[in-house]
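**Student:** just the structure for this:
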Amino acid sequence: MSASSDKTETMKPWKQHLLEARQHYGRLNASLWRWTKAMAAVFDDAEFRADNQLRDDFAAAAWIDQEFPGLPFGFLELRAILTVFPEEKSWRNAKLSDLWDRARDTARLADDRPRRTISRITKAEHQAVVEERDFWKARAEYLEKENSKLKETIADLRSQEILEPVCA
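**Tutor:** Take a look at the predicted model:
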């Protein structure tokens, strides 16, 4: 077993796909389909998004587009083409612009809202929320006790005829 294959076996899956995409990037004319397939796997990997703090589809696609500049289409467009034309031979036998024209009519791009989000908070943020919750819970309990005391005081004052009943 070589050192490079040993290194890739210990990598996270998204990093392996990213390495594969980088290898195909230099030979895009012959392997744009493979590159798109590898990057779609990276794009769909929740661990990749978490490791790179990419909370939605737009952020992940922008990261990919920045990482691999100069592509004939953006990643979301290539992914849409891949969704409609998943076979490599479809990509080899047609112009990419023709595939895009056909895919655009049938594929739904993520142009309205992100479909996925990852929401991670730090321990400090979590602790702050817990402390705030505990504060408001204690405050509510205090106000309930205060309200009960005031109701008792009002009842005492009414019983002593110091306070007249209010008509509802």
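**Student:** thinking Pro13 is in contact with Asp51, fair?
**Tutor:** No - in this structure, Pro13 is not within contact of Asp51 by C-beta atoms under 8 Å, at 11.3 Å. In short, each C-beta sits where N, CA and C put it, glycine included.
**Student:** overlap in contacts of these two?
**Tutor:** Both Pro13 and Asp51 lack any common contact, where contact means C-beta atoms under 8 Å, 6 or more residues apart in numbering.
**Student:** how many neighbours does Glu161 have?
**Tutor:** Glu161 has 8 neighbours, counted by other C-beta atoms under 10 Å.
**Student:** just say helix, strand or coil for it.
**Tutor:** Following DSSP: H, G, I helix; E, B strand; the rest coil, Glu161 is assigned to coil.
**Student:** how does the chain divide up, domain by domain?
**Tutor:** 3-106, 121-168 (automatic domain parsing).
**Student:** quick one: distance of the last one to the chain centre.
**Tutor:** The one in question is domain 121-168. 40 Å (C-alpha atoms, centre = their mean, to the nearest Å).
**Student:** do stretch 44-51 as well
**Tutor:** 8 Å.
**Student:** change the start of the numbering to 15 and stick with it
**Tutor:** Will do, 15 is the new start, and the previous item becomes stretch 58-65.
**Student:** dump that stretch to CSV, keeping only the CA atoms.
**Tutor:** C-alpha atoms of stretch 58-65 as CSV (Å, rounded to 0.1, in the frame of the first residue of the first chain):
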residue,chain,number,x,y,z
ASP,A,58,-24.5,17.1,-0.9
ASP,A,59,-22.1,16.1,2.0
ALA,A,60,-23.3,17.6,5.2
GLU,A,61,-19.9,17.2,6.8
PHE,A,62,-18.3,19.3,4.0
ARG,A,63,-20.8,22.1,4.6
ALA,A,64,-20.3,22.0,8.4
ASP,A,65,-16.5,21.9,8.1
